[in-house]
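*Asks:* sharing a sequence plus its predicted fold:
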Amino acid sequence: MKPIVLAVSGHDPTGGAGIQADIEAILSQGCHPCTLVTCLTSQDTRNVHRLYPQPPEILAAQWAVLRSDMPIQAVKIGLLGSAEIASRLGALLRDDPCETVILDPVLRAGGGTELADERLIEVLCEELLPLTTVVTPNLQEARRLSGKELPHQCADWLLARGCQAVLITGGDEPTPLVYNTLYWKHHHKTFTWEKLPGGAHGSGCTLAASLAALLARGLELEEAVRKAQQYTWNAIKYAFRPGKGRKIPYRFFWS
């Protein structure tokens, strides 16, 4: 049977990010995606215009029904929408743990809209990080979560909160190449990639969801991280522009 990965995130009507991005990335890695929608959004390929968080009790009810029916090998967490949703999800994971949890801390839209207030960030750090296998912030998100400046300082702070590994990505940084660094168990490894022009809307979702799927398939951490980056890089390389804003990764480039 295919490994099952549960994506817990928001709905992006453009299909570029959020739940649809997760579904495509998980399918591409040979796993079966299940989904719980944390919030609806009004957004286009340029920016997020409004969030509509779902009631936490609905999320909890869906979680209970799904978990009683299917064995879930990994959970990927993306846009949460509210501190209440984040806190309820933390309680669900504590009561009904999953071996692999990937947390993509979506704090700001590519167009600049803030997607997480200080209370949500506090819940992420105090209640979700201790349950996380790998957290995948970009450098700006890592700085905002930790209050630190240098990548290794951010990673040390995040690891001290209880997560097992930190992957800090540098695709948005003004560097000639992309430097992504994995930190875990007193080790670190930097992966270097060619910088593709313009980036793409939903690249962070693609990376985190594919990583969740690869770990669900049983790959070791370092190899799963490398393969998830390679997959995401190719999806961005073949990205297309369906709207008036940023490109969308083509997550089925291999087909």
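*Replies:* Arrived safely.

*Asks:* strands of the stretch 1-150 of the chain, start to end?
*Replies:* Ranges of strands in the stretch 1-150 of the chain, per DSSP state E, counting those that start in this stretch, are 4-11, 32-43, 48-53, 74-77, 100-103, 134-135.

*Asks:* which one, of those, ends up nearest to residue 117?
*Replies:* Nearest to residue 117, of all those, is strand 48-53, at 10.9 Å by Cβ to Cβ. In this view, the C-beta of every residue, glycine as well, is placed from N, C-alpha and C.

*Asks:* can you tell me what sits against that closest one?
*Replies:* 10, 38-43, 80-82, 84-85, 109, 111, 113, 115 (Cβ atoms under 8 Å, 6 or more residues apart in numbering).

*Asks:* quick check: angle from it to strand 4-11?
*Replies:* Here strand 48-53 points in a direction 120 degrees away from that of strand 4-11 (axes from the mean of the first three to the mean of the last three Cα atoms, to 10 degrees).

*Asks:* of all the residues in strand 48-53, which ones are buried?
*Replies:* 48, 51, 53 (16 or more other Cβ atoms under 10 Å).

*Asks:* related to what we said a few turns ago, any of the contacts of strand 48-53 buried? List them.
*Replies:* Neighbour-count burial (16+ other Cβ under 10 Å) applied to the contacts of strand 48-53 gives 10, 38-41, 43, 80-82, 84-85, 109, 115.

*Asks:* follow-up on the earlier one: format the strands of the stretch 1-150 of the chain as CSV; extra columns: mean pLDDT and distance to residue 154.
*Replies:* CSV is the format used below for those (pLDDT from 0 to 100; distance: least, Cβ to Cβ, whole Å):
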stretch, mean pLDDT, distance to residue 154
strand 4-11, 98, 23
strand 32-43, 97, 25
strand 48-53, 95, 24
strand 74-77, 98, 19
strand 100-103, 98, 14
strand 134-135, 98, 10
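
*Asks:* could you dump those to a markdown table with distance to residue 227?
*Replies:* Formatted as a markdown table, those follow (distance: least, Cβ to Cβ, whole Å):
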| stretch | distance to residue 227 |
| --- | --- |
| strand 4-11 | 15 |
| strand 32-43 | 18 |
| strand 48-53 | 29 |
| strand 74-77 | 14 |
| strand 100-103 | 14 |
| strand 134-135 | 13 |
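
*Asks:* ok, back up a step: tell me the one of the buried residues of strand 48-53 nearest residue 151?
*Replies:* After measuring these against residue 151 - Cβ to Cβ - the closest member comes out as residue 48, at 26.2 Å.

*Asks:* just grab the bridge partners of that closest one for me.
*Replies:* Counting by DSSP bridges, residue 48 forms beta bridges with residue 43.

*Asks:* can you check residue 248 too?
*Replies:* With DSSP bridges as the rule, residue 248 is bridged to residue 240.

*Asks:* so it touches residue 240, yeah?
*Replies:* Yes: with contact defined as Cβ atoms under 8 Å, residue 248 reaches residue 240; the gap is 6.2 Å.

*Asks:* more neighbours, the two?
*Replies:* Neighbour tally, residue 248 and residue 240, criterion other Cβ atoms under 10 Å: the higher count belongs to residue 248, 26 against 9.

*Asks:* how about that one, what does it touch?
*Replies:* By Cβ under 8 Å, 6+ apart, the contact set of residue 248 is 14, 15, 16, 45, 200, 201, 202, 239, 240, 241, 242.

*Asks:* which other residues reach the longest helix out of those in the chain?
*Replies:* Ranked by residue count under DSSP state H, the longest helix found in the chain is helix 221-237. With contact meaning Cβ under 8 Å, 6+ apart, helix 221-237 is reached by 25, 28-29, 134, 165, 167, 180, 182, 184, 189, 191, 193-194, 196, 199-200, 203, 206-207, 210-211, 214-215, 219, 247, 249-251, 253-254.

*Asks:* of these, buried ones?
*Replies:* The neighbour count (16+ other Cβ under 10 Å) marks 25, 28-29, 134, 165, 167, 180, 182, 184, 191, 193, 196, 199-200, 203, 206-207, 210-211, 214-215, 219, 247, 249-251 as buried among the contacts of helix 221-237.
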